[in-house]
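A.B. asks: sequence? don't have it. structure:
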């Protein structure tokens, strides 16, 4: 089978990996900024579908179908995001005579509307959060809010991803919440319909993975915890969800399977729930009719390949597993590595990745490599760092260690934030709610001044080991005056700040040991992941999980006057 992957980056590579292992060919489609991306190079075939603009490339059903025809594709896998939950795209693929690797279009359509999804869930006997969607008249919605009781949530009936959601804590705030939620929903989804529902004070976001085939077979693969969120976007996931009452866990899994069976679900999908951490009560939230970003943690604890199961279902083959065959073993975590600055409101970052070194013993799903350009056009997710262990605590410690071994140099990322996160008491205890990050002060100091000193020492050590880099350097060390040298190195960080480091004042002994910098203070040695490029005068050092990148300035760059200065000009120096 030749499979066109209607997506990009990390998920395209993930699907390629399984497809190639099973003997299938793949077709990569790419917009202009992705022309040199790894997923394009690794596909069996590739085809350009348009410019950077999403509407003219990855979101153009017509261009995607044209690409499938021109490359002789037999099937289309939508990945996740973009058109993965677009019923019109699914129908277009089938009408073109191609195999759609996903659930049938009706399931996508029915779950795409939160109002319809709630109705189906109720009919299937799945607990739904008290809410109202029978009318869109403001007066009816306000009356329903009074009956449900404040605080209430006003949320878009269409779409997802945290768009079109507002909270009203009292009746006086309802009108503003309704107006804002409707406006955002209309902008994001072209639909202003909303749902008014109960707002759970201590909510956890727990989901259940389901997989069905086209012969009536269906299994659920256990729970995942996705409560660590920022603006309703998940950052850290784990499987199985910790600290759930046995009754709640069994109910979640049973309800997810009941809902999927009621729909005749025939692919991978995720049923999402809100769990009240105080009571253990759970309520249906929505169903994502696609592969999820966090699916690897389920793969780790079940030993199953979800993409392989998708391909079996799409080929009208039985899944080959029954519910009694599903055994959950150990625990797994996934940290989403994004190009964003947690100290600046998680603002997305762009730039060129100069160094990329993944930790050993961890799964690292990524769409980038050293030399990749992170552009402003698409999602800022760089990679997913996945670890597993025999129990939750060992898996958590393994994730902390992996974050300290990871190097992503040349661009600001959230790896330091993730390292901080896994040491927070609610995460350690497994008692995180979706409000955790909103209620927690985030770390602000990246320790760049102290790290610059270590980076300077590392660079000096590496430079001395490589020998002289100029004729002057070959002269060795000599003095014609009695003063003692006090070498200073100037390092510029990614923000443009310059750190002057006097190596003689460093309060630690440092030495290079392969790809690590051993730092010894008072007899205690700490080893930090490091990458040094002496010719390029660059140092990338991992401190507390965060890769800090520095450029070592030459003496001319540091001390020569600028041409615009009134004390002379750099061009006057001969």
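C.D. replies: Received it, and whenever you're ready, just let me know what you need. This is a predicted model, so every value here is computed, not measured. Numbering: from 1, shown residues only.
A.B. asks: ends of stretch 507-520, how far apart?
C.D. replies: The stretch stretch 507-520 measures 9 Å between its terminal residues, going by CA to CA, to the nearest Å.
A.B. asks: Quick one: residues in contact with it.
C.D. replies: With CB atoms under 8 Å, 6 or more residues apart in numbering as the test, stretch 507-520 has contacts from 357, 454, 457-458, 461-462, 465, 521, 525-532, 541. Where C-beta positions appear, they are placed from N, C-alpha and C, glycine not excepted.
A.B. asks: Just the ones in helices from those, please.
C.D. replies: Cross-referencing the contacts of stretch 507-520 against helices under DSSP state H gives 454, 457, 458, 461, 462, 465.
A.B. asks: Let me have those in JSON lines, extended by pLDDT and distance to residue 500.
C.D. replies: Putting these into JSON lines (pLDDT from 0 to 100; distance: CB to CB, whole Å) gives the following:
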{"residue": "454", "pLDDT": "95", "distance to residue 500": "15"}
{"residue": "457", "pLDDT": "94", "distance to residue 500": "14"}
{"residue": "458", "pLDDT": "95", "distance to residue 500": "16"}
{"residue": "461", "pLDDT": "92", "distance to residue 500": "18"}
{"residue": "462", "pLDDT": "93", "distance to residue 500": "19"}
{"residue": "465", "pLDDT": "81", "distance to residue 500": "23"}
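A.B. asks: what about residue 447, how many residues close to it?
C.D. replies: Residue 447: 14 surrounding residues under other CB atoms under 10 Å.
A.B. asks: show me what contacts it?
C.D. replies: Contact partners of residue 447, counting by CB under 8 Å, 6+ apart, are 543, 544, 548.
A.B. asks: what's the pLDDT at it?
C.D. replies: If you check residue 447, the pLDDT there is 80.
A.B. asks: Could you look up the SS state of the residue nearest to residue 217 when sequence neighbours are not counted?
C.D. replies: In space, residue 217 comes closest to residue 319 once its chain neighbours are excluded; the distance is 4.9 Å by CB to CB, 6 or more residues apart in numbering. Classification of residue 319 using DSSP: H, G, I helix; E, B strand; the rest coil returns coil.
A.B. asks: wait, residue 319 sits on residue 213?
C.D. replies: Yes - with contacts defined as CB atoms under 8 Å, residue 319 counts as touching residue 213 at a distance of 4.8 Å.
A.B. asks: hey, what's in contact with both of the two?
C.D. replies: 312, 313.
A.B. asks: who has more neighbours, those two?
C.D. replies: Neighbour count, other CB under 10 Å: between residue 319 and residue 213, residue 213 has more, with 23 against 19.
A.B. asks: Which members of the contacts of residue 447 occur in strands, if any?
C.D. replies: With strands taken from DSSP state E, the overlap with the contacts of residue 447 comprises 543, 548.
A.B. asks: Going by distance to residue 335, which of the contacts of residue 447 wins?
C.D. replies: Comparing the contacts of residue 447 against residue 335 with CB to CB places residue 544 closest, at 14.2 Å.
A.B. asks: From residue 83, how far off is the spatially closest residue to residue 2 that is not a sequence neighbour?
C.D. replies: In this structure, residue 2 finds its nearest non-sequential neighbour in residue 25, 4.3 Å apart by CB to CB, 6+ apart. Distance check for residue 25 against residue 83: by CB to CB, to the nearest Å, it reads 21 Å.
A.B. asks: Looking at the two, which is more packed in?
C.D. replies: Set side by side, residue 25 and residue 83 give different neighbour counts by other CB under 10 Å, the larger being at residue 83 (22 against 18).
A.B. asks: doesn't residue 62 make contact with the more buried one?
C.D. replies: No - applying CB under 8 Å as the test, residue 83 and residue 62 come out as separate, 11.6 Å apart.
A.B. asks: Restricted to buried residues, select the contacts of stretch 507-520 in PyMOL.
C.D. replies: When burial is assessed using 16 or more other CB atoms under 10 Å, the buried subset of the contacts of stretch 507-520 is captured in PyMOL by this command:
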select buried, resi 357+454+457+458+462+527+528+529+530+531+532+541
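A.B. asks: Now the spatially most central residue of the chain: which helix or strand?
C.D. replies: Centrality entry for the chain: nearest residue to the mean C-alpha point is residue 336, 3.3 Å, by CA atoms, centre = their mean. Residue 336 belongs to strand 331-338 when elements are defined using DSSP states H and E.
A.B. asks: mind checking how far the residue nearest to residue 372 when sequence neighbours are not counted is from residue 535?
C.D. replies: Spatial nearest neighbour of residue 372, excluding adjacent residues (CB to CB, 6+ apart): residue 353 at 4.9 Å. Counting by CB to CB, the separation of residue 353 from residue 535 is 18 Å.
A.B. asks: Also residue 510?
C.D. replies: Taking CB to CB as the measure, residue 510 and residue 535 are separated by 21 Å.
A.B. asks: same deal with residue 186?
C.D. replies: For residue 186, the distance to residue 535 equals 54 Å [CB to CB].
A.B. asks: ditto for residue 419
C.D. replies: Applying CB to CB, one obtains 30 Å for the distance of residue 419 from residue 535.
A.B. asks: Looking at these two now, which is surrounded by more residues?
C.D. replies: Remark: of residue 419 and residue 535, residue 419 carries more neighbours, 23 against 8, as counted by other CB under 10 Å.
A.B. asks: before we move on, which element is the more buried one in?
C.D. replies: Residue 419 is located in helix 415-421, with elements delineated by DSSP H and E.
A.B. asks: What's the mean pLDDT across that helix?
C.D. replies: Rounded mean pLDDT across helix 415-421 is 97.
A.B. asks: Give me the buried positions along that helix.
C.D. replies: By neighbour count, and taking 16+ other CB under 10 Å as the criterion, the buried residues in helix 415-421 are 415, 416, 417, 418, 419, 420, 421.
A.B. asks: phi, psi of residue 127?
C.D. replies: Dihedral angles phi and psi of residue 127 (degrees, to the nearest 10) take the values phi -60, psi 130.
A.B. asks: any idea how far residue 243 is from it?
C.D. replies: Residue 127 sits 19 Å away from residue 243, going by CB to CB.
A.B. asks: quick one: average confidence on stretch 230-241?
C.D. replies: With pLDDT averaged residue by residue, stretch 230-241 scores 93.
A.B. asks: Report the buried residues of that stretch.
C.D. replies: Within stretch 230-241, the residues scored as buried using 16+ other CB under 10 Å are 230, 234, 235, 236, 237, 238, 239, 240, 241.
A.B. asks: quick one: the last one is in a strand?
C.D. replies: No - inclusion of residue 241 in a strand is not indicated when three-state DSSP is applied; the result is coil.
A.B. asks: Could you shift the numbering so residue one becomes 14, and keep it that way?
C.D. replies: Yep, numbering from 14; the last one is residue 254 now.
A.B. asks: Report the contact partners of it.
C.D. replies: By CB under 8 Å, 6+ apart, the contact list for residue 254 reads 217, 219, 236, 237, 238, 262.
A.B. asks: Among those residues, which are located in strands?
C.D. replies: Taking DSSP E, the ones among these that sit in strands are 217, 219, 236, 237, 238.
A.B. asks: among these, which ones are buried?
C.D. replies: 217, 219, 236, 237, 238.
A.B. asks: what about residue 514, how many neighbours?
C.D. replies: Other residues lying near residue 514 total 23 when counted by other CB under 10 Å.
A.B. asks: could you point out which element follows the one helix or strand it maps to?
C.D. replies: Counting by DSSP H and E, the element that carries residue 514 is strand 511-515. Of the helices and strands lying after strand 511-515 in sequence (DSSP H and E), the nearest is strand 522-526.
A.B. asks: where in this structure is pLDDT low?
C.D. replies: Applying pLDDT under 70 to the chain flags the ranges 172-174, 480-499, 573-587.
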